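> I'd like to go over a predicted model; first the sequence, then the structure.
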Amino acid sequence: MVKILDRNFELSYPKELIAERVKNVAERLNQDYEGKNPVMVCILNGAFMFAADLVRYLTFQPEVVFAKVSSYEGMSSTGCVKELIGVNVDVRARDVIVVEDIVDTGVTMYNLLPQFFSKGAASVKVCTLLQKPECLTVPLKVDYCAMEIPNAFIVGYGLDYNGMGRNYGDIYTVTE
Ligand code: IMP
């Protein structure tokens, strides 16, 4: 059990399980992108730890870049996506893999992906650590997902509660 700000969280997904799932996703990417040089867009802030672990397992050579978007306040999505740092590489004719921490409503990814197509990307795929399938509100296709989880608020392994809790190696779920 950990306390972050005003909330208690209990351990749900230990680091050993996360590492195994991250490796599985990396193996799928290694098969699909063998010999290719995709642009991997790590979505800040939440995906920093996932992306850092994921890229170490890759056997192809990605170009790793970062973008920052924000749609959450506290424990719920605002439904409005702000792009705070954009992608500044030319994605024309490139394969793009967007690396996200969690797909919840899907609104963030759904709003972000068209820009890569309109800039001429050859392909655009979503690679997320986590997905809450029952929360999806838009017709988003998630191509790679390390773990599907139920609808509960979680922190750790890059994910935060009001900016805190990102540093935990394990993932915790809010208790109330
Ligand atoms: P979506 O647009 O509703 O899919 O929300 C995606 C973003 O919401 C993620 O990138 C996270 O930053 C945040 N988010 C969604 N669920 C959680 C959660 O349980 N804990 C922490 N952040 C979350």
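Yep, it's here.

> Following the lowest-mean-pLDDT helix or strand in the chain in sequence, what is the next regular element?
The weakest-scoring helix or strand in the chain, judged by mean pLDDT, DSSP states H and E, is strand 76-85 (a mean of 68). Under the assignment DSSP states H and E, the closest C-terminal helix or strand after strand 76-85 is strand 95-103.

> May I have the strands that pair with that following strand, each with its orientation?
strand 39-44 (parallel), strand 123-131 (parallel) (DSSP bridges).

> Alpha carbons of it, as PDB, please.
Extracted C-alpha coordinates of strand 95-103, given in PDB (Å, rounded to 0.1, in the frame of the first residue of the first chain):
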ATOM      1  CA  ASP A  95       6.500   4.200 -40.500                       C
ATOM      2  CA  VAL A  96       5.300   5.800 -37.200                       C
ATOM      3  CA  ILE A  97       4.800   4.000 -33.900                       C
ATOM      4  CA  VAL A  98       3.200   6.100 -31.200                       C
ATOM      5  CA  VAL A  99       4.200   4.800 -27.800                       C
ATOM      6  CA  GLU A 100       1.600   5.600 -25.100                       C
ATOM      7  CA  ASP A 101       1.300   4.800 -21.400                       C
ATOM      8  CA  ILE A 102      -2.400   4.000 -21.300                       C
ATOM      9  CA  VAL A 103      -5.400   4.100 -23.700                       C
END
